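K.L.:
One predicted model, sequence on top.
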Amino acid sequence: MRDEKHYESIGFKCGLEIHQRLATESKLFCSCSAQMPSDVSVEEIERRQRAVAGELGKVDPSAVFESARARKFVYNAFSKSACLVDIDEEPPHELNPEALDIAMLISASLGMKIPAEIETMRKEVVDGSDPSAFQRTMLVGYNGRMRVGKKDLAIPTVFLEEESSGIERSDKEIVLYNIDRLGVPLIEIDTDPDIKTPDEAKEVARRIGLLLRITGRVQRGIGSIRQDVNISIRGGTRVEIKGFQELETMDVIIDREIERHQKLIELAGALHKRKAKVHNSEEVTDIFKSTKAKLLRQSLDGGGVAIAARLEGFEGLLGQEVNPDRRLGSEISDYAKMGGVGGIIHSDENLARYELSDAEVSALNERLGLKKGDAFILVTGPAEACSTAIKYALIRAELAFDGVPKETRGADGKRLITTFMRPLPGGSRMYPETDVKPIVTDEKAYAQLKSRVVDPDNLLKELEADIGNKQLASQMLWSPYLPLFKEMVDKTKVSGSVIAPILLEKTKELRRSGVAVDRIGADAFARIFERYGHGEITKAAIGEVIKAAPASADEVDRAIKANKLERISGTELKSIIHKLGNKGKDELMRELMSKYRLNVDGEELRSLLDKR
Amino acid sequence: MYSERIEKTLKAKGISVGDEVKLTSGDDMFEGVLMPRAETGDSSIIVIKLRNGYNIGLKFGDGASIKKLDVKREEFAFPKVELKKGKGLPKVSLLYTGGTIGSKVDYKTGGVHMLIKPEELLYAIPELSGIAEVEIRDLMSIASEDMTYKEWQRIAKETAEALNSGARGVVITHGTDTMHFTSAALSFMLECLNAPVVMTGAQRSSDRGSSDAFMNAICAVSLAAKSDVAEVGICMHANTSDDLCNLIRGTKARKMHTSRRDAFRPVNGRPIARIDVGGKIEYASGYKKISDTEARVKAITGFEPKVALIKVHPNSDPDVLEYYLGKGYKGAIIEGTGLGHVPIAPSDKKYSWLGAIKRAVDAGMLVGMTSQCLNGRVNTNVYTNLRLIHGAGAIYCEDMMPEVAVVKLGFLLGNYERGQAAKLLDKNLKGEITSRTEVDWR
C-alpha cells in the first residue's frame, strides 16, 4: 500500500462527482412516472443531432467529435414512463417540487449555501443520450463542506439535473436508448479535488453515499448511484473516469490510471527528446492490391481503401505498455475506432500476425519515407470511415507529445483499468433553459432544514443506543428500512432491539424463502408493531404475520385473524392453565408452549406458573 | 432588465452585460460573466454565468459589491459562408420570413426570439449548398402569429419575382403557427405556377442540436431543387423521427399539434410526396406537374381583409354576425357543427342563426359554410335544417377547411365582383376542394 506521501510526491489530485437518482413520484420536468417500470416499448423514434454553438458562441470540441461520427440515435419510448417532453416534442412542465425539496435536503446535509435564484440550464449532450440534445441541470448548492474521518472536505457545488437515457445497444451506425429513466431527478455532488489518495476517494464516495441514503429519499439499486472520479498528476492533465460499478475496486482502478498517466508523461518526454514528428497521411491502397493479408484483403474487396501515416521517431514507443496489455498504439487505435474502423495496424506490432508480406511492408516504408527510428500506422476500411479514422488517430498521436490527453474514460471493473470514451468536454456547452422560469428559493425554509440535519455519526450512536447491538446498528444505518425503523421506534412503544432484528434479519430470511416482503408497506409494519406493543400479538407471531405479506394495516388485522395469531394472556391464559389441572411446572410449560407457541408469551406463562 | 438600483451601480462601474465580473457578498465571492436578466422574477437579483458554465442568481443586497475584471473574451461571429456555386446545381431562392426555424434564445424575454441572420442558417446547415445554389432573400423577420394578408401579398410577389428571374424552385421559411394560412394564400395568389414553392419551418429552434429545422430545410430545398411539383406545399416532419418529411398541398395542410415536429397533417387528402433526409422523393398522390409552358408566374394579390371566420357552438349568439355586418364585413366563413349545422330551433329563439344568416346574405355579405369536424364534407340535404341554412343563402364549401375557406373568400372578394366570387367559393381552384374522398383518408 502506497502512503499519502507517495501520492503527494507525484502531485496526485482527485475529486469526485457523485450522481444519485432521487426517489420521487414523477420525473423532473414532466408528470411521467420516475419509477421506471419494466414497460414494453410502444414506439421507436429515430433522431439525428448536430453540434450547435452555445450561448457564448463556442462549439464544444467533444460535440464536434461526436457529431462527426454522424451516428443515428434510436429511442425506445414507453407508455407510463415517457411522454412528449422526453422525446423533445413538448416544452418542459414546471420543475418537480418534490425533487427540489430533496435537493434542498441533500444540500442542507452537506452544509451548502443555496442561490437566491436557481437558473435551469441546458447542458449540451452529444452522445445522443438525450433526445433534446441537452440535459436540464441547475446549480442548487454551493460552498458546502463535509467531514470524512478527520478530513474536512470542501463540496463546491451540488446540482439537480435530469437523468440520461439508458443505453440498450450501440454499434457504428446506431445507438439504441431506452428513455424510461430519462428525466428522472438526479443530484450531482462535486467534491474539491483535495482527495489525497485512491483509498480516500473510496472513503469519500462511501461517506457521500451514506449521507444520501440516510435521507431516505433517494433511489436504491443498481445504477441509482454513480461515481465519477477526476484525477490528475503533476505534468499531466485532468481525466474523468466514469462508470464505477462498485466502490471496492475504485482505488485499484485509480492506481492503474495513475500508472497510465506516468507512462504517458514518460513517453512524451521520449518523443520530445527524439524530436519526433507526426506526418500527414497518404492513401496506400495500391500497395496492397494483391495482398494476402486477410484484414486488408476483405476491406479492399469490399471497396475499401488503406491509408497510412509516418510517425517520425515513434519506433518502439507505440509498443510500450501504459497499462496491462495496453500500449500507446492501443490508445491511438481507440481514437481511430471513433472514425468507424476496427482499429489500426502499427509497426511496433508483430506484423506477421496480419500476414503482411515483407514486400508490402518495404513498399509501405518506402512510400511513407520511413527512416530508422520511425513508425507507421495504417488503417483500412470504407473510404470515408478511413479518412476520419486516420484523422483522429493522428490527433491522438499529436496528443502524445502532451503526455496525458484530456479525456472522459470508463472504469472497466473486470480488467481494473480505464478505457477511452471521448475527449473531455469543454466548459462552453451550457446555455439557459428558456422554457423554464427561474426559481426563487426560500431562505427561511432552508435555514430550518439545515437546523434539522442529522449527522451520520450521531445517528449511528442513536441507533446503537436504540438497538443495543453495534453490528445491527451499523447495518441499520445503511438499510433501506432506516426511515421505517425510526418511525416505528418513535410511533410505537416497542424497543428498537425488537424492531431491528425483524426488519433486518427476519425480512431477509423470509424474502429468501420467497415471501413477497417488499409489498409490506410502512402502514402495515406500523400496525404489526402496534399490535405487538399493545400486547395483542406475541413476538413469535410477528414473523408469521410478515409471512402473509400484508400490504396494508387492514391486511395485517385480517392476517392475524385468519391465522389465529391473537395473543392469549391474563385471565384467559390462567383459565387454560387451570383447566389442565395439577401438573408439574415444566410439563405445563412444555405442553402449553407446543400448543400455543405463537399465541402465548413465554415470560408471562412462566411468571403465571411461578405464582401458581 | 435589472432593477434601477442595480443598473445604477453597474453604470457607475462601467459594467455592462457580457463583462467578466467579480461579485462579493459576505463570505461569498463569484467570478463570471454578467448575464442579462429575464424581466420576470425578483428584481434584486444579479445573474452570473460562472466559470463552470452554470448561471446562478445571487442577491445583490447591502454590503455586496461588484467589480469589472479585465478579462478578454473572444467574440464569436458566424463565419461568412461562401456558398458553393456548384455548376449544374439548380438555383433555389430561399425567402426568409422568420419563425422558429430562424430563431435563437432571447435573454431579454427568456424566450425564443427571431434574431438569427439568414446566412447563419446556411452555416448551421452546410448540406444545403450541396443540394442547390441557394440564394437567400431576407424578406422579413416576423412571428407567424403576426402575419397579415399584406405579408402574404409581399411573399407572393417575391416568389413570382424569384421564379421569373431564373429560380428553379422557391423555399419559404415561415413560423409554423399560421404557415397553413400563408400556404393557402400563396396557392390562390400564384397564377400559372410552374415550379415547386415549398414552405417550411421548425417546431424546435435551430440553436438546439435536436432541432427539426435541419432536416426540414434540407428536405424543402431538395424538393425545390428536384421535384416536378408545380404547386405550393408545406414540407415538415412526417412523424416524430428524423427520417421523413411530408410535402402537403398548401390548401390541404393544417397545424394539428402545438409542439410536435410532425404537427402538420393533410386534411381530406394525402401528402403530395414523402422525402427522406437523403433527398429521395416518393410521390404519394396526384399533383400538378411542371409543364413545358413558357408562361410567367403571376402574383394576383388582391385581397379583401374584411372577412371573418366564425365558430358556432352551443350557446353561441348569432348577434356576432350582425356585428360583422355592422362593421362592413364583406364575407364570413362559418365553422358549423357536423355536416354544416348552426343552431336553428333552440328553446330560446334568440339563439337561432337562421334569420341572422338570411339578413347577412340579403345585405350583400357572402356567407360560406364549413365544418369544425375538419375531416369530411359538408352537406345541404341530409337534414331539413341543412336545407334551411342553405336556403337562407349560405354557400356550402364541400371538403374545404375553414381556414382555407376564409383565405379563399378574402382572395375572391379582393379580385372578383361578388357574384363571381360567390360562384367560385365552392369550386375547386387550387386543390382546396376534392370531388371524392378516398376510403383510406382519415
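P.N.:
Looks like it arrived, so ask away.

K.L.:
Please count neighbours and contacts with C-alpha atoms only from this point.
P.N.:
Noted.

K.L.:
Domains in chain A, by residue range?
P.N.:
A:4-232, A:270-414, A:454-562, A:570-611 (automatic domain parsing).

K.L.:
Turn those into JSON lines, including mean pLDDT, distance to chain B and mean neighbour count.
P.N.:
Converted to JSON lines, the domains of chain A look like this (pLDDT from 0 to 100; distance: least, C-alpha to the nearest C-alpha, whole Å; neighbours: other C-alpha atoms under 10 Å in any protein chain shown):
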{"stretch": "domain A:4-232", "mean pLDDT": "89", "distance to chain B": "4", "mean neighbour count": "20"}
{"stretch": "domain A:270-414", "mean pLDDT": "94", "distance to chain B": "16", "mean neighbour count": "19"}
{"stretch": "domain A:454-562", "mean pLDDT": "91", "distance to chain B": "24", "mean neighbour count": "18"}
{"stretch": "domain A:570-611", "mean pLDDT": "84", "distance to chain B": "61", "mean neighbour count": "14"}
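
K.L.:
most centrally placed residue in the chain?
P.N.:
Looking at chain A here, since you left the chain open. A:Arg226 (1.9 Å; C-alpha atoms, centre = their mean).

K.L.:
sorry, should have said chain B
P.N.:
B:Met179 (2.5 Å).

K.L.:
who touches the closest residue to A:Glu536 other than its chain neighbours in this structure?
P.N.:
Nearest non-adjacent residue to A:Glu536, counting by C-alpha to C-alpha, 6 or more residues apart in numbering or on different chains: A:Arg567, 5.2 Å away. For A:Arg567, the contacting residues are A:535-538, A:598-601, by C-alpha atoms under 8 Å, 6 or more residues apart in numbering or on different chains.

K.L.:
Would you mind measuring from A:Arg567 to A:Leu160?
P.N.:
Applying C-alpha to C-alpha, to the nearest Å, the value for A:Arg567 to A:Leu160 is 50 Å.

K.L.:
B:Glu282: which of the domains of chain A is closest?
P.N.:
Nearest of the domains of chain A to B:Glu282, taken as C-alpha to C-alpha: domain A:4-232 at 19.8 Å.

K.L.:
can you pull out the helices in the stretch 151-300 of chain A?
P.N.:
A:198-214, A:250-273, A:294-301 (DSSP state H, counting those that start in this stretch).

K.L.:
Against which helices or strands is the longest one packed?
P.N.:
Contacts of helix A:250-273 with other secondary structure elements, assessed using 3 or more C-alpha pairs under 8 Å, 6 or more residues apart in numbering or on different chains; DSSP states H and E, are made with helix A:198-214, strand A:321-323, strand A:417-423.

K.L.:
How far does the shortest one sit from its chain's centre?
P.N.:
With C-alpha atoms, centre = their mean, to the nearest Å as the basis, the distance from the averaged C-alpha position of strand A:321-323 to the chain average is 26 Å.

K.L.:
quick one on the thing from earlier: could you pull up the residues touching the residue nearest to the centre of chain B?
P.N.:
Counted by C-alpha under 8 Å, 6+ apart, B:Met179 has contacts B:144, B:199.

K.L.:
Can you pull the phi and psi angles for it?
P.N.:
When read as degrees, to the nearest 10, the backbone of B:Met179 gives phi -60, psi -40.

K.L.:
Compute the first-to-last residue distance for stretch A:557-573.
P.N.:
22 Å.

K.L.:
Tell me what angle the longest strand anywhere in chain A forms with helix A:198-214.
P.N.:
The residue-count maximum for a strand in chain A (DSSP state E) belongs to strand A:134-148. Comparing the axes of strand A:134-148 and helix A:198-214 via axes from the mean of the first three to the mean of the last three C-alpha atoms, to 10 degrees yields an angle of 110 degrees.

K.L.:
which residues are contacting strand A:134-148?
P.N.:
A:103-104, A:107, A:110-115, A:118-126, A:152-164, A:203-204, A:207, A:433, B:54-56, B:208-209.

K.L.:
how about the nearest residue to B:Arg204 once chain neighbours are set aside, secondary structure?
P.N.:
The shortest distance from B:Arg204 to any non-neighbouring residue, by C-alpha to C-alpha, 6+ apart, is to B:Ser211 (4.8 Å). Counting by DSSP: H, G, I helix; E, B strand; the rest coil, the backbone at B:Ser211 sits in coil.

K.L.:
mind listing what B:Ser211 touches?
P.N.:
Shown in contact with B:Ser211 (C-alpha under 8 Å, 6+ apart): A:49, A:132, B:202-205.

K.L.:
Turn those into JSON lines, including distance to B:Ile142 and secondary structure.
P.N.:
As requested, those are arranged in JSON lines below (distance: C-alpha to C-alpha, whole Å; DSSP: H, G, I helix; E, B strand; the rest coil):
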{"residue": "A:Gln49", "distance to B:Ile142": "27", "secondary structure": "coil"}
{"residue": "A:Ser132", "distance to B:Ile142": "25", "secondary structure": "coil"}
{"residue": "B:Ala202", "distance to B:Ile142": "14", "secondary structure": "coil"}
{"residue": "B:Gln203", "distance to B:Ile142": "15", "secondary structure": "coil"}
{"residue": "B:Arg204", "distance to B:Ile142": "16", "secondary structure": "coil"}
{"residue": "B:Ser205", "distance to B:Ile142": "15", "secondary structure": "coil"}
